[in-house]
Structure formats: C-alpha cells, structure tokens
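In: Got a sequence here, can you build the structure:
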Amino acid sequence: MALNRLLSKTSGTEGSDPSVPSQVTMRFFKSCFGPSRDEVWTALRAQIGGEVVPRTTWRGEKLRAEIGEWTITLDEYTTMVMAGKVPIQIPHTRMRAPFPNPGGFRFSIHRASIFSYLGTLLGMQDIQIGHPEFDEAFVVKSNNEAAVRSLCNNDRLRSLVTAQPKFQLSIQDDEGWFGTEYPTGVDVLVFDVADRIREVDRLKALYDVFSESLNQLSEMGLAGSGTGGVTV
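Out: Modelled structure (predicted):
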C-alpha cells in the first residue's frame, strides 16, 4: 500500500484505481528489473532481422536470424544446481549456428579464471595466439593449433571477443548426453554463458562474433555453407 501511495503521489494520480498500473509504476519496475526479454529481442530484430520461433512443449521461445548462408538461433534456458540442500536456478543465454564441418575442426575460447591457472599448473596447456593481452585474458584450446591461431589473428574478431564481459565460444558435435547428436560432418558453433543477457548492444556484438567467425572459417576452408540440414 505504501508503494502504491508513493507511486500515486509521484504520478499525480492520488485516489485513482490502484489495480490499474500507471506509466510511473511500469517505469519504476522497469528501472528495478530492466527491459524484458521481448523488448530486447524486438530491438535486436530491428538490427539483424529474423523471426521469433514460438515456444513448444519441450523447447522455449527462440530468435532465429540469418548470417549470409548460415542461420543463428538465440535462446535462453535454465539449469539447476544444489547449494547444500537448496536448489538454485542458473539462467543461461545461448547462441548457436550449425554448419558443415567436413574437416572436424574444433576449438573453444573462454575467459581465463583461477581454475584456468590451476589447470595450467596441472599441465593443461592452452594455445598461445601471439597477442599478449588476448593470451592473458582468454584460454584457447583446439585440435588444430595453426587453424585456431589463424582464426584469432583476425583483429576484428579479437576485438569483439575481448569486449564481452563473459565469453564461452566453441564448436560442438552434439548437445550433451540427453541432447541432439548432429549428423556426421555437421557441427554447431555455440556461445553459452551463465547469464541472462538483456543488453541489445551486447547481443548484437555476439551476432557479429558469429558472423566474423563463420566468414573467417569459410575463407579458411573449414566451414561449408548452409546449416547441413540441422535446425537448432
């Protein structure tokens, strides 16, 4: 009741029906919780195009857009972890793009952490790209050192990656134990972080990461055109 009176006084509508949310009320809650996913996705679509794929029984809503001859899919999902006996939900933001990968090239890039340092002490070496600031900030692994160095030597790609506060990019051949297994010769470029991203500029920059990565891989002869018949 106190909140309603405060908002009514602020909007100059003292005595109005408290069951009808005022514009001030909506602005108040938006300032607390930020824009909704629908608002963010609508703004993103204005920049990259695409369409929203409706929710199904087993899958949440997705935003699907084109990058040249490839298709990227943006979605969100939640995982559950236990803190003692208390279940905690962890929100994730994910972007994926299937592509023909006849050579089986694999790589992963993620921000360095204390666990990365401990892994290095245990002999789990990451690949040095040759750009000290990037090598300090990120852990890079691949089954083809020369190819991943060539990929990361792309100045614009490194700049886009470095601008992301959280970053985990990899090529995967399936969606885990209970997920989809992709056809032979087709893999998926995946960005996945434990964060609910509500910044349009950040999502647009991730779209640009995918665009730069796929085009670079294509120029290197490591990524074919199209989706390989896979829809995610």
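In: mind checking which helix or strand of this protein has the lowest mean pLDDT?
Out: Every helix and strand of the chain was ranked by mean pLDDT, DSSP states H and E. The lowest is helix 2-11, at a mean of 48.
In: residue nearest the centroid of this protein?
Out: Centroid-nearest residue in the chain: residue 94, 3.9 Å away (criterion: CA atoms, centre = their mean).
In: For it, pull up the helix or strand it's in.
Out: Per DSSP states H and E, residue 94 falls inside strand 86-100.
In: in that strand, what counts as buried?
Out: 93, 94, 95, 96, 97, 98, 99, 100 (16 or more other CB atoms under 10 Å). (Glycine included, C-beta is placed from N, CA and C.)
In: What of stretch 184-200?
Out: Residues of stretch 184-200 classed as buried by neighbour count (16+ other CB under 10 Å): 186, 187, 188, 189, 190, 191, 192, 193, 197, 198, 200.
In: looking at it, the fourth one is touching residue 211, isn't it?
Out: No: under the contact definition of CB atoms under 8 Å, residue 189 does not touch residue 211, with a separation of 10.7 Å.
In: Closest one of the buried residues of strand 86-100 to residue 231?
Out: Among the buried residues of strand 86-100, residue 98 lies closest to residue 231 (CB to CB), at 7.5 Å.
In: So for the residue nearest to the centre of the chain, what's the pLDDT?
Out: On the pLDDT scale, residue 94 is placed at 96.
In: now the one 4 residues further on
Out: At residue 98, the pLDDT value in this model is 96.
In: contacting residues around it?
Out: 70, 71, 182, 186, 187, 188, 189, 227, 228, 230, 231, 232 (CB atoms under 8 Å, 6 or more residues apart in numbering).
In: What's opposite it in the beta bridge?
Out: residue 188 (DSSP bridges).
In: Make 644 the first number, not 1, from now on.
Out: Will do, 644 is the new start, and the previous item becomes residue 741.
In: Distance-wise, check it relative to residue 783.
Out: Note on residue 741: its distance to residue 783, by CB to CB, to the nearest Å, is 22 Å.
In: Run the chain-centre distance for the lengthiest helix in the chain.
Out: Longest among the helix segments of the chain by residue count, using DSSP state H, is helix 843-862. Relative to its chain's centre, helix 843-862 lies at 11 Å (CA atoms, centre = their mean, to the nearest Å).
In: what helices or strands is it leaning on?
Out: helix 680-691, strand 705-710, strand 713-726, strand 729-743, helix 788-795, helix 798-805, strand 829-836 (3 or more CB pairs under 8 Å, 6 or more residues apart in numbering; DSSP states H and E).
In: so which of those comes closest to residue 817?
Out: strand 829-836 (8.6 Å).
In: That closest one packs against which elements?
Out: Strand 829-836 makes packing contacts with strand 729-743, strand 811-815, helix 843-862 when contacts are defined by 3+ CB pairs under 8 Å, 6+ apart.
In: what angle separates that strand from strand 713-726?
Out: Interaxial angle, strand 829-836 versus strand 713-726 (axes from the mean of the first three to the mean of the last three CA atoms, to 10 degrees): 50 degrees.
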